[in-house]
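Q: Below is the sequence, then the predicted model.
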Amino acid sequence: MATPSTTLFIGTIIHSTAVHAPLEILTPGALAVDSSSGVITLFKELPQDAPVDESTVNALIAEMDCTNVTVRRLHEDQFIIPGFLDTHIHSPQFTYTGTGLDLPLLQWLETYTFPREQAFEEPQYARLAYPAVVSRTLRCGTTTACYYATLHLEASRILVDVLLEHGQRALVGKVNMDRNSPESYSETTEQAKLDTIAFVDYVESKSPEGLLRPCLTPRFVPSCTPDLMAFLGELASKRDLAIQSHLSESKAEVEWVRNLHPYDGITPIPETSGSEWSYTGVYKHFGLLTSKTVMAHCIHLTPHERTLIRTTNAGIAHCPASNFQLQSGILDVRQLFSEGITKVGLGTDCAGGPSPSMLDAMRNALVATKTVGIMKGVGSGYRALTLDEVFYLATLGGARVLGVEGQVGSFGVGKEFDAILVDLGTQMMEEVPQHGHRTVPRFDHDDARSMFEKFVHLGDDRNMAEVYVRGRLVSTPPLYNK
């Protein structure tokens with residue numbers, strides 16, 4: 001039997017510890033990972049006024065009580081951050097990402113989304129498409145994703161198989177659509193129920209250790225009958241399952257729901273009757289608004305709806321890129337924070353968002369919050385989100401939304417090593433290094449903080465030298481030289 005091994009990283013380590021807290025930057029820090037479990041066994045800051053010499057390293061190894069240790073010293077262009085958590089992404093839509101961004105939401109769905117998702121009726125198409133999206137998101141540093149599949153059971157199972165093969169952590173949902181959908185891309189209520197149970201069973205049997213978890217996925221209220229929504233709510237309660245859907249993405253969508261559900265057709269819904277009518281209340285009525293719910297967008301929530309979100313402890317996936325591209329609106333995350341709603345993460349919302357990169361989502365989140373400030377005007381007292389707060393959304397905030405903050409999203413002894421080793425010295429060409437070939441420029445005045453900021457604003461997947469999930473190296477750029 002092989003002797004258990006540990007990798008000890010020494011260098012700059014950066015992570016978020018709380019929504020409003022400044023980033024914790026360890027310069028230098030030490031982080032050790034057990035290779036067999038992927039669990040962090042040591043995490044501490046080292047003295048800044050003394051070199052990390054051999055005696056310091058030996059003391060760290062002695063502290064771990066481990067004999068088989070590989071020491072990795074990061075150089076000045078490198079640092080480690082937690083892996084990104086994409087709280088809202090449509091895996092089948094990766095096939096047309098970057099196209100068809102000329103229509104608002106409801107027309108966009110009819111014109112581009114439903115026809116392309118329908119193609120996954122053919123399992124072979126899924127076998128070609130899903131490895132592309134999973135490998136690409138890993139390459140972009142997404143170590144955990146909350147995926148929508150399609151309504152096809154077999155294709156959804158293929159996505160699960162691909163995720164297991166590539167080693168990405170994920171919540172995965174087979175989409176439910178039994179009304180107001182194209183005839184060629186819809187399911188009967190009974191088939192939706194049977195296929196959903198079969199999919200949940202498949203995920204749980206394939207990933208008993210929990211790297212993958214099933215997620216009930218009513219696409220949104222207009223595409224699901226009351227019968228189906230009630231069934232999904234009961235199933236979520238019975239089997240303690242996560243739920244994902246869309247909420248208040250566009251004003252046209254909200255009005256459509258208002259027309260569909262002034263009440264459920266039999267009994268008035270308290271949360272959706274009279275002056276307190278709300279789109280959010282429809283989900284709550286059917287048992288679909290819980291502490292394990294991930295609601296994407298939430299742009300046009302009323303104060304009453306925000307109260308429902310807060311009191312049920314549901315999570316919000318902020319998707320600024322698609323909100324801009326589909327002309328849906330801008331979510332005021334600062335307002336959510338001010339009202340005590342901090343269970344918020346970021347989503348790329350590929351393909352409404354044109355990029356599967358969480359760096360792109362972070363940049364759009366910064367533009368969105370500053371746009372809110374511009375719209376409110378000088379003298380409003382509005383405070384745009386800081387870079388530190390947006391990084392929280394992309395990491396620990398997303399972990400809270402997806403219910404994995406005890407395992408990932410930040411660093412600590414006992415947590416699992418889902419991480420990105422960032423290398424800002426990556427050259428675009430293999431010739432003699434020149435400033436013009438670097439993806440991120442570095443100068444003598446730069447420190448760990450400025451290099452982190454440059455990575456967020458200027459970096460890309462070429463700077464994500466090594467991506468780890470549960471301690472396993474799952475992605476690295478071609479020809480990357482450590």
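A: Nice, I can see it. Numbering: from 1, shown residues only.
Q: Might one say that Thr426 is in contact with Asp460?
A: No: taking contacts as C-beta atoms under 8 Å, Thr426 lies outside contact range of Asp460: 9.3 Å. To be clear about C-beta, it is placed using only N, CA and C from the backbone, and glycine gets the same treatment.
Q: neighbour-wise, which of those two wins?
A: Thr426 (22 against 17; other C-beta atoms under 10 Å).
Q: Need the nearest residue in space to the more buried one, chain neighbours excluded.
A: In this structure, Thr426 finds its nearest non-sequential neighbour in Arg462, 4.9 Å apart by C-beta to C-beta, 6 or more residues apart in numbering.
Q: neighbours around the one you found, how many?
A: Arg462 has 18 nearby residues by other C-beta under 10 Å.
Q: Likewise for the one 10 residues further on?
A: By the measure other C-beta under 10 Å, the count of residues near Arg472 is 12.
Q: and if you look at Ala384?
A: Neighbour number of Ala384 under other C-beta under 10 Å is 17.
Q: next SSE after the helix or strand bottoming out on mean pLDDT in the chain?
A: The helix or strand of the chain with the lowest confidence, counting by mean pLDDT, DSSP states H and E, is helix 54-64 at a mean of 91. Downstream of helix 54-64, the first helix or strand assigned by DSSP states H and E is strand 69-73.
Q: give me every residue that touches the residue nearest to the spatial centre of the chain.
A: Note on the chain: the residue nearest the mean C-alpha position is Asp86, at 1.3 Å, using C-alpha atoms, centre = their mean. Neighbour list for Asp86: 137, 142, 144-146, 346-348, 356, 358, 361, 398 [criterion: C-beta atoms under 8 Å, 6 or more residues apart in numbering].
Q: In the stretch 251-400 of the chain, where is pLDDT below threshold?
A: Scanning the stretch 251-400 of the chain for pLDDT under 70 picks out the ranges 263-275.
Q: let me fix that: the stretch 51-200 of the chain
A: Using pLDDT under 70, the stretch 51-200 of the chain has no residue that qualifies.
Q: quick one, strands of it?
A: Ranges of strands in the stretch 51-200 of the chain, per DSSP state E, counting those that start in this stretch, are 69-73, 78-82, 84-90, 142-148, 169-173, 175-176.
Q: Tabulate those (JSON lines), appending distance to Phe455.
A: Shown next, in JSON lines, are those (distance: least, C-beta to C-beta, whole Å):
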{"stretch": "strand 69-73", "distance to Phe455": "19"}
{"stretch": "strand 78-82", "distance to Phe455": "8"}
{"stretch": "strand 84-90", "distance to Phe455": "12"}
{"stretch": "strand 142-148", "distance to Phe455": "16"}
{"stretch": "strand 169-173", "distance to Phe455": "22"}
{"stretch": "strand 175-176", "distance to Phe455": "34"}
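Q: between these, which gets nearest to Glu305?
A: Ranking these by proximity to Glu305 (C-beta to C-beta) places strand 84-90 first, at 18.1 Å.
Q: and the closest one, which strands flank it?
A: strand 142-148 (parallel) (DSSP bridges).
Q: re earlier: please tell me how far the residue nearest to the centre of the chain sits from His318.
A: Per C-beta to C-beta, to the nearest Å, Asp86 is found 11 Å from His318.
Q: Could you pull out the residues contacting both of these two?
A: Jointly contacting Asp86 and His318 under the rule C-beta under 8 Å, 6+ apart are 346-347.
Q: Please identify which pair of the contacts of Asp86 lies farthest apart.
A: Taking C-beta to C-beta, no two of the contacts of Asp86 sit farther apart than Pro356 and Gly398, at 14.7 Å.
Q: how about the helices in the stretch 101-250 of the chain?
A: Here the stretch 101-250 of the chain has its helices, by DSSP state H, counting those that start in this stretch, at 105-108, 114-118, 123-139, 153-166, 189-206, 226-239.
Q: nope, the stretch 301-450 of the chain is what I was after
A: Counting by DSSP H, counting those that start in this stretch, the helices of the stretch 301-450 of the chain are 303-312, 320-325, 333-338, 358-376, 387-392, 398-401, 448-458.
Q: Mind listing residues that contact the fourth one?
A: In this structure, residues lying in contact with helix 358-376 by C-beta under 8 Å, 6+ apart are 84-86, 140-142, 318-321, 323-324, 330-334, 346-348, 353-355, 380, 382-385, 387, 390-391, 393-394, 456-457, 459-460.
Q: rerun that using 7 Å as the cut-off
A: Residues from elsewhere that reach helix 358-376 (C-beta atoms under 7 Å, 6 or more residues apart in numbering): 84, 86, 140-142, 318, 320-321, 324, 330-334, 346-348, 353, 382, 384-385, 387, 390-391, 393-394, 456-457, 459-460.
Q: and Gln48, which of the strands of the stretch 51-200 of the chain is closest to it?
A: Between those, strand 78-82 lies closest to Gln48; by C-beta to C-beta that is 14.8 Å.
Q: what lines up beside the closest one in the sheet?
A: Neighbouring strands of strand 78-82 in its sheet, by DSSP bridges, are strand 6-15 (parallel), strand 419-423 (antiparallel).
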